[in-house]
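Trainee: Predicted structure and sequence below. I'll ask about it afterward.
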Amino acid sequence: MLDDLKEQLQDAASRRRTVSDQLRNADPAARAGLESRMGELDSRILQIEKAITVTSAELRGAPAGALIEAGRGFGGQAGANVAQIAGEIVPIVAILSVFVLGPMSIALSRFVWRRASAPPRQPAVDHATQQRLDQLQQAVDTIAIEVERISEGQRFVTKLLSDPRPALASGVAEQVRTSKKTAPSGDRG
C-alpha cells in the first residue's frame, strides 16, 4: 500500500513538472487553464503526502503478526512470497543434506578412523641407497683420519720451529744416541 502511494506521488510530481514547463512557454489565453490544472495537481500531491504519513504511522504502530496478515489481504504477495520461498528451500536443503553431505561426512569419518587405527608404516629402505650411505660413512671416516694426521704433522712442525735450541735452527746435526745397536741400512734384507 505504501509503495502504491509513493508511485502515485511520483506520477503526480512528474505531471506537475510537465504542466509547469508548459506554463512557462504558454500564451496568455492558455495560462488560466494551466494554472488551474497546476492547482489541482498541487492539492492531489498534498493528499498523497498526507496518506503516506498516516500509513507510515499506522505501520509503525501495528504488531508484526498483523503486518503479515495485511500483506496476505492485499494480494498476499509479501506473506506468500516468504512462505513460498520457505516451502521451496526447506525440501532442497533436506535432500542436499541427506544425499550429499551425509555420505561425505561418513566417508571422512571412516578415513580418519582407518588412519588412526592403522599401524605406522616403516619407511622402505632401498638396498642401493643403503650402500651409498655406507660408502659415504666410510669416506667421512677416512677424511677425518687424514685431517687428524695433517693436524698432527702441523703440530710437530710448529713445535720444531718454536724450539729454542740453536743447533736445530742453524742446521748443525747432532749425533743421535741409541740404546740398541742397529744394523746398517745396507744389510737389511
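Mentor: It's in.
Trainee: what helix or strand is Ile48 on?
Mentor: Using DSSP states H and E, the element containing Ile48 is helix 28-61.
Trainee: so what does that helix touch, helix or strand wise?
Mentor: Here helix 28-61 touches helix 2-25, going by 3 or more C-beta pairs under 8 Å, 6 or more residues apart in numbering; DSSP states H and E. C-beta coordinates here come from the backbone N, C-alpha and C atoms, glycine included.
Trainee: which helices and strands sit right next to the helix it packs on?
Mentor: Applying 3+ C-beta pairs under 8 Å, 6+ apart, we find helix 2-25 packed against helix 28-61.
Trainee: For stretch 18-32, buried residues please.
Mentor: Going by neighbour count (16 or more other C-beta atoms under 10 Å), the buried part of stretch 18-32 is Val19.
Trainee: Give the rounded mean pLDDT of it.
Mentor: Taken as a whole, stretch 18-32 has an average pLDDT of 82.
Trainee: Export that stretch to CSV, keeping only CA atoms.
Mentor: Extracted C-alpha coordinates of stretch 18-32, given in CSV (Å, rounded to 0.1, in the frame of the first residue of the first chain):
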residue,chain,number,x,y,z
THR,A,18,5.2,18.9,-17.3
VAL,A,19,2.4,21.5,-16.7
SER,A,20,4.9,23.9,-15.2
ASP,A,21,7.1,23.7,-18.3
GLN,A,22,4.0,24.2,-20.5
LEU,A,23,3.1,27.3,-18.4
ARG,A,24,6.4,29.0,-19.0
ASN,A,25,6.0,28.8,-22.8
ALA,A,26,2.2,29.2,-22.9
ASP,A,27,0.4,32.2,-24.4
PRO,A,28,-1.7,34.4,-22.1
ALA,A,29,-5.0,32.8,-23.2
ALA,A,30,-4.0,29.3,-22.1
ARG,A,31,-2.3,30.4,-18.9
ALA,A,32,-5.5,30.3,-16.8
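Trainee: Quick one: distance of it to the chain centre.
Mentor: 65 Å (C-alpha atoms, centre = their mean, to the nearest Å).
Trainee: Contacts made by it with the rest, please.
Mentor: Leu34, Glu35, Arg37, Met38, Leu41 (C-beta atoms under 8 Å, 6 or more residues apart in numbering).
Trainee: again, only using 10 Å
Mentor: In this structure, residues lying in contact with stretch 18-32 by C-beta atoms under 10 Å, 6 or more residues apart in numbering are Gly33, Leu34, Glu35, Arg37, Met38, Gly39, Glu40, Leu41.
Trainee: do the same with stretch 105-117
Mentor: By C-beta under 10 Å, 6+ apart, the surrounding residues in contact with stretch 105-117 are Ser97.
Trainee: Kindly report the same for stretch 128-137.
Mentor: Residues contacting stretch 128-137 (C-beta under 10 Å, 6+ apart): Val125, Asp126.
Trainee: and the gap between Arg31 and Glu58?
Mentor: 41 Å (C-beta to C-beta, to the nearest Å).
Trainee: What of Leu133?
Mentor: Look at Leu133 and Glu58: by C-beta to C-beta, they are 89 Å apart.
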